[in-house]
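Student: Need the 3D shape of this:
(one chain, ligands or ions: 1)
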Amino acid sequence: MSVDRSSWQIKDEAVLAELVQLMNLSADEAAILKSLHDAAQKQAPAMREDFYKRLLAHPQTAEYFSNINMKHMYETLQNWFVELFNGVYDETYARRRITIGRVHVRIGLPVRYPIAMLDVAMAHAEAVARTHPQPDAAMAAVRKVIALDVAVFNQAYEDRQIQILADTVGNERLARRLLSEE
Ligand code: HEM
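Tutor: Residues are numbered from 1 along each chain as shown. Just a heads-up that it's a prediction; the model follows:
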């Protein structure tokens, strides 16, 4: 592959703004999500319970929690879930979500785990969407914000790989070419 891509220039918080545009996350959808904020708060403890039940039952994922204050984890996960229904998907939101992705890169967690676990978040977010008077529209909006999180989580991992390779080979452009050529 010989061409540079304009997508390579979009970085950090700008990634989320770009994706909001790509996904056509509209002001109406953001308003629907915001209107579900209280319902999300009610749903959050059940979501957190299912989430950790699954993670702690699996030896490879459970071992990440051996020295972790679970009360803090419960709170941060619930906050993460409720924030999906923030209604504002701006730079500050992007920064918070990217930071969460980076925390997982730093602890050496293979990306397949957080991505797979979004299944639990999706099921509970759908339950929240069903409480809306227009459940189909709410469901479409929920799917988009979850997709944004999948994208941002992955981006945190890819950014780290490109950064390490760029430091090794001397520049990012070469790193991207090495990663993309067969
Ligand atoms: C949908 C997937 C996930 C979400 C939304 C999520 C959310 C979060 C959040 C919000 C934090 C706090 C970040 C901070 O302190 O700024 C966190 C930390 C953490 N997560 Fe996750 N997480 C996910 C998947 C996982 C999985 C699959 C594991 C392990 C198998 C895991 C292990 C941890 C650990 C160990 C920390 C604490 C890191 C530290 O403070 O050193 N997470 N997670």
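Student: Give me the buried positions along the one helix or strand residue 47 maps to.
Tutor: Using DSSP states H and E, residue 47 maps to helix 37-57. Using 16 or more other Cβ atoms under 10 Å as the test for burial, helix 37-57 gives 39-40, 43-44, 47-48, 50-52, 55. All C-beta atoms are positioned from the backbone trio N, CA, C, and that covers glycine.
Student: Considering the residues you listed, which is situated nearest to residue 132?
Tutor: Taking Cβ to Cβ as the measure, residue 132 lies nearest residue 39 of these, at 7.9 Å.
Student: so that closest one makes contact with residue 126?
Tutor: No: with contact defined as Cβ atoms under 8 Å, residue 39 does not count as touching residue 126 (11.7 Å).
Student: now, among the buried residues of helix 37-57, which is nearest to the ligand?
Tutor: Using Cβ to the nearest ligand atom, residue 55 comes nearest to the ligand of the buried residues of helix 37-57, at 5.3 Å.
Student: hang on, that closest one packs against residue 62?
Tutor: Yes: counting by Cβ under 8 Å, residue 55 does reach residue 62; the two are 6.6 Å apart.
Student: just to revisit the earlier point, how about the helix holding residue 47 and the ligand, touching?
Tutor: Yes: judged by Cβ under 6 Å from any ligand atom, helix 37-57 comes into contact with the ligand at residue 55.
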